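In: the following block contains a protein sequence and its predicted model.
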Amino acid sequence: MNDWKSEVPPHLFDSFYIGGTWVRGTCENAKEIVSPSTGKAIFAAPLAAPAEIDAAIAAAKLAFESGPWPATDARQRSVLMHRLADRLTERLSLAARLWTAQVGAPISLTNRLAPLAAVRLRYFADLAASFPFETERPTQRGFAKVVSEPIGAAALIIPWNAALPILMTKLGAALAAGCTCIIKSSPESPLDAMLVAQCADDIGFPPGVINVVLADSSVSSRLVASHDVPKVSFTGSVATGRAIASTVAARMGRFTLELGDKSAAIMLEDADIVRTMGTLEQFSMPFSGQFCFSQSRLLVPRSREDEFVAAFARRIGNLKVGDPWDETTQIGPVLNERQSNKVMAYIEESVADGAEVICGGKPDARHAGNYIEPTIVRNISPRSRIASEEVFGPVVTIHTYDTLDEAAKIANGTDFGLSGTIFGDPDKAYALARRLRTGQVGINGMELTPAVPFGGYKMSGVGREGGPEGVQAFLESKAIIFPS
């Protein structure tokens, strides 16, 4: 399974895709990709020089201003997007293994989630064919045509943890809108976007519509600052999101930011414990808690605390930690030593403040890479760092409440608001969901679907991805008013 290199075209390791052509990187700087499960380097990827970023911007601008893509009928864009999805589907096995190789996500997880990339692209391909790009409405003196036009060249900046599915959400919406794109890969996971570029090249996508580069933060700043890139879509850390927002806003550009979270899973008094545990096992620590939607805070009624905590600890304690290439592994490593040290610092600080570790709480010394035992912590203050900041590791904190007012206060008591779940009577759950300051709430389960908007309140971001709202984020509205 881990013999993946022979299936990767050699130019994906050392080139960028600019203007429909593979361009070998000229900068001497390279990013060494280290396996999180072994600590050993697996390859080195070149980082773009400023001239290569500029070339990608120029290619996207030219393709937008002079190429066919923005003027192509949306139904024809849909056809080509489906062809791209077809080609990507043929490479999903490789895509899953690239995900595991670069960032250590268990192969059982990547095999299950990699197909979401094609599903998301197909959703937006279908949406392109039906989206109301032009509507009419009456005015006092006649009527107006309200047209939605593509913004222009868009920078799509993707993270390392789920590079391919996140990229397809951004790229699908941008292509459906008629934008051209510059994709900036994460230095920790560069091959996912390169594989998409290869698929686009294979089917003859119009040159310059899809461009892919890899760059460090200093060179990437050229992309964010460029007046030739009117739209920036970013998924990543709050600190980087702040910097991007400041730069783009200074030039009155448009941006969408999907940042961190501290999602709360709330058990109501009548929650079914078996049904609840099935969802929590899957969504509290997926990929060692390194997804933004991880349900990392568990809110339980005080009257049922011991019951819920015992059941949860049994499920989490039985998760298999190990080699991500093993099909039976459920918890793999965290990304790198720096992230491992950060997670352990949160745990150790909470213990020093009097918290109780129910299970886990230590590095897993049985493995050579950056492994941390699945950890559950309780008896902590809702205002402590481990309860209020995004840990991005296999850690769940337990919080008790006596009333639904208190549950809502605890759930809303962080600077984040991206995701959440509520388990119990659907009517009561819906009423509580309306009180939560978060962008998405699952009732008695959780679903990763491209059909609905995804994004956050507060520090979790600006704007929405997914659904028609995701396409609208790459469009500008123009009103053309006619007399009667």
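Out: Right, received. Where do you want to start?
In: what about the helices in the stretch 301-450 of the chain?
Out: Under the criterion DSSP state H, counting those that start in this stretch, the stretch 301-450 of the chain contains helices at 305-317, 337-352, 385-388, 404-411, 426-433.
In: alpha carbons of the second one, as PDB, please.
Out: This means helix 337-352. Extracted C-alpha coordinates of helix 337-352, given in PDB (Å, rounded to 0.1, in the frame of the first residue of the first chain):
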ATOM      1  CA  GLU A 337       7.200  17.100  16.600                       C
ATOM      2  CA  ARG A 338       6.200  20.700  17.000                       C
ATOM      3  CA  GLN A 339       2.500  19.800  17.000                       C
ATOM      4  CA  SER A 340       3.100  16.900  19.400                       C
ATOM      5  CA  ASN A 341       4.900  19.200  21.800                       C
ATOM      6  CA  LYS A 342       2.100  21.800  21.600                       C
ATOM      7  CA  VAL A 343      -0.600  19.200  22.300                       C
ATOM      8  CA  MET A 344       1.300  17.800  25.300                       C
ATOM      9  CA  ALA A 345       1.800  21.300  26.600                       C
ATOM     10  CA  TYR A 346      -2.000  21.800  26.700                       C
ATOM     11  CA  ILE A 347      -2.500  18.500  28.500                       C
ATOM     12  CA  GLU A 348       0.300  19.100  31.100                       C
ATOM     13  CA  GLU A 349      -0.900  22.600  31.800                       C
ATOM     14  CA  SER A 350      -4.400  21.400  32.500                       C
ATOM     15  CA  VAL A 351      -3.200  18.700  34.800                       C
ATOM     16  CA  ALA A 352      -1.100  21.200  36.700                       C
END
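In: that helix: which residues count as buried?
Out: By neighbour count on 16 or more other Cβ atoms under 10 Å, the buried set for helix 337-352 is 339-340, 343-344, 346-347, 350. Bear in mind the C-beta positions are built from the backbone N, C-alpha and C, glycine included.
In: got JSON lines for these, with distance to residue 58 and pLDDT too?
Out: JSON lines is the format used below for the buried residues of helix 337-352 (distance: Cβ to Cβ, whole Å; pLDDT from 0 to 100):
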{"residue": "339", "distance to residue 58": "36", "pLDDT": "96"}
{"residue": "340", "distance to residue 58": "41", "pLDDT": "96"}
{"residue": "343", "distance to residue 58": "42", "pLDDT": "97"}
{"residue": "344", "distance to residue 58": "45", "pLDDT": "97"}
{"residue": "346", "distance to residue 58": "44", "pLDDT": "97"}
{"residue": "347", "distance to residue 58": "48", "pLDDT": "97"}
{"residue": "350", "distance to residue 58": "50", "pLDDT": "96"}
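In: could the residues you listed go into TSV alongside distance to residue 38?
Out: TSV is the format used below for the buried residues of helix 337-352 (distance: Cβ to Cβ, whole Å):
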residue	distance to residue 38
339	16
340	14
343	19
344	20
346	25
347	24
350	30
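In: before we move on, the earlier item: what's the closest of the helices of the stretch 301-450 of the chain to residue 252?
Out: Proximity to residue 252 (Cβ to Cβ) singles out helix 385-388 among the helices of the stretch 301-450 of the chain, at 33.4 Å.
In: only C-alpha atoms, please: export that closest one in PDB.
Out: Only the C-alpha atoms of helix 385-388 are listed here, as PDB (Å, rounded to 0.1, in the frame of the first residue of the first chain):
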ATOM      1  CA  ARG A 385      -6.600  27.200  27.500                       C
ATOM      2  CA  ILE A 386      -7.300  23.500  26.800                       C
ATOM      3  CA  ALA A 387     -11.100  24.200  26.900                       C
ATOM      4  CA  SER A 388     -11.100  27.400  24.900                       C
END
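In: so which elements touch it?
Out: On a contact count with 3 or more Cβ pairs under 8 Å, 6 or more residues apart in numbering; DSSP states H and E, helix 385-388 meets helix 337-352, strand 395-401.
In: which helices and strands sit right next to the shortest one?
Out: Meaning strand 395-401. Packing partners of strand 395-401 (3+ Cβ pairs under 8 Å, 6+ apart): strand 297-301, helix 305-317, helix 337-352, strand 375-378, helix 385-388, helix 404-411.
In: again, 7 Å this time
Out: strand 297-301, helix 337-352, strand 375-378, helix 404-411 (3 or more Cβ pairs under 7 Å, 6 or more residues apart in numbering; DSSP states H and E).
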